[in-house]
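> Got a predicted model here, sequence first, then my questions.
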Amino acid sequence: MTHKESFLRYLETEKRYSPHTVRSYSNDLDHFFSFLTSEGLGTDPTIVTPAEIRRWLGSLLDSRNLSKISEVSVHRRISCLRVFYRYLRKEGIMKNDPLVNVSLPRKKKTLPVFIEEKDLGKLYSNVEFADDYEGVRDITILETLFLTGMRRAELIGLKNEDVDLSECTLKVTGKRNKQRIIPVVDPLKRRLVEFQKVRNDIKRPIAGDWFFITEKGNKLYDKLVYNTVNKYLRMITTADRKSPHVLRHTFATHMLNRGADLNSIRELLGHANLSATQIYTHNTFTRLKQIYTDFHPREHDSRRKKERQ
């Protein structure tokens with residue numbers, strides 16, 4: 001077994017990383033090993049020095065590559081490498097850390113993209129969902145995501161036993177198999193009941209005990225959920241991003257705007273610590289500044305004077 005293979009198994013079994021995260025780490029390591037090979041070093045990570053790491057980082061940041069890789073991806077790849085070499089030292093395979101003196105350029109802070117409440121309302125006033133299985137499933141996916149804030153992988157991983165509509169709860173399995181309970185509000189309960197009815201009418205054999213399935217009875221997959229969300233969000237918003245994670249951001253931002261406290265939002269989102277949740281306060285502060293500018297009497301009078309001049 002190679003160092004990469006043992007590392008990926010460690011992430012799966014001991015760290016309990018999601019399959020999606022493990023695939024990302026695998027791809028990032030493949031890119032690194034490809035660079036080493038191009039440098040004539042082969043694929044042995046134990047002979048790497050800080051000089052090779054800096055050359056690799058330089059190749060990522062090179063102006064010719066700016067259109068191919070984002071700043072976030074650069075930071076993610078370096079983070080992957082740090083975890084990989086930490087593992088090699090933990091296992092006694094290496095003593096020195098080749099990343100010890102490697103620093104990254106400061107990452108720009110970006111606010112989470114979210115959908116305004118008025119735009120979400122267009123899902124009901126402007127968008128027609130078919131009354132067949134696919135149409136009912138699609139609107140149920142959308143409402144489950146933006147009324148619970150769960151991740152795409154968490155939605156796909158829901159099983160029938162996790163959905164307790166008598167108690168109005170969903171048991172969600174998040175990162176590292178950590179479970180949490182999310183309450184189901186009445187509108188979502190009605191939607192889930194409707195979905196269960198059309199789901200039970202499927203004539204094909206159903207694979208496994210998954211709650212959300214395809215028309216053929218199979219478990220949902222990442223691309224299907226992404227395409228479903230993207231398709232409908234393109235009908236109602238011009239936001240830069242239109243992914244399932246945007247609905248998670250939307251849930252958190254709307255909850256905060258309506259007065260929910262950060263700790264409650266943290267628990268609902270399944271964040272390990274509060275710092276991950278605090279980014280949503282920036283969206284709320286931006287909104288408060290806009291409200292202040294639009295409605296404060298002094299600001300309003302000042303703007304009217306400028307318009308008259």
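Perfect, thanks for sending it.
> mean confidence score for stretch 76-92?
Averaged over stretch 76-92, pLDDT sits at 93.
> mind listing what's buried in it?
The neighbour-count check on stretch 76-92 (16 or more other CB atoms under 10 Å) flags 77-78, 80-81, 83-85, 87-88 as buried. For the C-beta atoms, the positions are set from N, CA and C on the backbone; glycine is no exception.
> Packing partners of the host helix or strand of Glu194?
Assigned by DSSP states H and E, Glu194 belongs to helix 186-200. Where contact means 3 or more CB pairs under 8 Å, 6 or more residues apart in numbering; DSSP states H and E, helix 186-200 is packed against helix 133-148.
> Compute the inter-axis angle for the helix it packs on and helix 186-200.
Angle between the axes of helix 133-148 and helix 186-200 is 150 degrees (criterion: axes from the mean of the first three to the mean of the last three CA atoms, to 10 degrees).
> how about the CA coordinates for helix 133-148, as CSV?
In CSV, the C-alpha atoms belonging to helix 133-148 read as follows (Å, rounded to 0.1, in the frame of the first residue of the first chain):
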residue,chain,number,x,y,z
TYR,A,133,-42.8,12.1,-9.0
GLU,A,134,-39.9,14.2,-10.3
GLY,A,135,-41.7,17.5,-9.7
VAL,A,136,-42.8,16.7,-6.2
ARG,A,137,-39.3,15.4,-5.4
ASP,A,138,-37.6,18.5,-6.7
ILE,A,139,-39.6,21.0,-4.7
THR,A,140,-39.2,18.7,-1.6
ILE,A,141,-35.4,18.8,-2.1
LEU,A,142,-35.4,22.6,-2.4
GLU,A,143,-37.6,23.1,0.7
THR,A,144,-35.7,20.5,2.8
LEU,A,145,-32.4,22.3,2.0
PHE,A,146,-33.5,25.9,2.7
LEU,A,147,-35.8,25.0,5.7
THR,A,148,-33.2,22.9,7.5
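> Between which two of the buried residues of stretch 76-92 is the distance greatest?
Farthest-apart pair in the buried residues of stretch 76-92 is Arg77 and Leu88; separation 16.7 Å (CB to CB).
> pLDDT below threshold where in the stretch 201-309 of the chain?
Along the stretch 201-309 of the chain, the parts satisfying pLDDT under 70 run over 282-309.
> coming back round to it: would you indicate which residues of the helix holding Glu194 are buried?
Within helix 186-200, the residues that count as buried by 16+ other CB under 10 Å are 188-189, 191-192, 195-196, 198-199.
> Now do it, average pLDDT.
Here helix 186-200 scores 95 as its mean pLDDT.
> which residues touch that helix?
132-133, 136-137, 139-140, 143-144, 147-148, 163, 165, 168, 184, 213 (CB atoms under 8 Å, 6 or more residues apart in numbering).
> C-terminal to that helix, what's the next element?
Past helix 186-200, the next helix or strand by DSSP H and E is helix 222-236.
> helices and strands around the next helix or strand after that following helix, which ones?
Where DSSP H and E defines the elements, the next helix or strand beyond helix 222-236 is helix 244-257. Packing partners of helix 244-257 (3+ CB pairs under 8 Å, 6+ apart): helix 133-148, helix 152-156, helix 222-236, helix 262-269, helix 280-295.
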